[in-house]
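Undergrad: Build me a model from this:
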Amino acid sequence: MLAIERRNAIISRLNMDGKVIVTDLAKEFDVTEETIRRDLEKLESDGIAKKTYGGAVANKSLNVELPSSVRKRTNVELKQKMADKVSALVNDGDYIMVDASSTALFAVRCMKSKHNITLITPSIELLLDLNDKEDWNVFSTGGMLKHGGLSLVGNTAEKTVSGFHVDVAI
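TA: Predicted coordinates:
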């Protein structure tokens, strides 16, 4: 198992149970406790966990939004399942409004085979990701950069969004 796969599994456990124990994880993944401690240090530096004696607890601070790079690596399997279902709801020619969440990013990537889509988004990452979709009309909401979130927010974004009527919102 790759380190990133192990860390994603630890993140899932933190999300479900709220805590993890070093010795339990070392046995489960058949690695040393030191390897798990390094994984937990990385998760702590990413803002996902708070290390404690013998383990870690989930960082559930409501005031801290995880960076987009971290959110994209969390709960990947579940996000892909949701993306498949969401993509089935979008038809060729639809107007869709898409937020800057990592789950929405998975959904849009899943629907790239659709044609003549008009997409409105505050997501900088989606704007870059859809640069090659020549038969799509992709609109940015504009606005102020939300640091760490790769999204545009504020009054300008709100005004832009209010000018569209869409078939699907993600």
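Undergrad: From Phe164, how far off is Tyr95?
TA: 7 Å (C-beta to C-beta, to the nearest Å). (C-beta placed from N, C-alpha, C; glycine too.)
Undergrad: Common neighbours of those two, please.
TA: Residues touching both Tyr95 and Phe164 (C-beta atoms under 8 Å, 6 or more residues apart in numbering) are Ile120.
Undergrad: And these two? Which one has more around it.
TA: Set side by side, Tyr95 and Phe164 show more neighbours around Tyr95, with 17 against 13, by other C-beta atoms under 10 Å.
Undergrad: For the more buried one, give the beta-bridge partners.
TA: Thr118 (DSSP bridges).
Undergrad: which residue is nearest the middle of the chain?
TA: Among the residues of the chain, Ser102 comes closest to the average C-alpha position under C-alpha atoms, centre = their mean, at 2.3 Å.
Undergrad: so that one touches Lys72, yeah?
TA: Yes - in this structure Ser102 lies within contact range of Lys72 using C-beta atoms under 8 Å: 4.6 Å.
Undergrad: For the protein, give the helix that spans the most residues.
TA: As assigned by DSSP state H, the longest helix anywhere in the chain is helix 3-17.
Undergrad: Can you list the neighbours in contact with it?
TA: For helix 3-17, the surrounding residues in contact (C-beta under 8 Å, 6+ apart) are 20, 25, 29, 31, 36, 39-40, 42-43, 48-49, 56-58, 73-76.
Undergrad: Out of the residues you listed, which end up buried?
TA: Applying 16 or more other C-beta atoms under 10 Å to those, the neighbour count classes 20, 25, 29, 31, 36, 39-40, 43, 48-49, 56, 58, 73-76 as buried.
Undergrad: Can you say which two of these are spatially most distant?
TA: Taking C-beta to C-beta as the measure, the buried ones among the contacts of helix 3-17 span a maximum distance of 21.8 Å, between Val31 and Asn75.
Undergrad: So Arg109 is in contact with Asp84, correct?
TA: No - Arg109 is beyond contact range of Asp84, at 10.9 Å (criterion: C-beta under 8 Å).
Undergrad: Make sure Arg109 is indeed in a helix.
TA: Yes - counting by DSSP: H, G, I helix; E, B strand; the rest coil, Arg109 is found in a helix.
Undergrad: residue contacts, it?
TA: Residues near Arg109 by C-beta under 8 Å, 6+ apart: Ala83, Asp129.
Undergrad: And it, how far from Lys72?
TA: 11 Å.
Undergrad: Likewise for Gly163?
TA: Per C-beta to C-beta, Gly163 is found 29 Å from Lys72.
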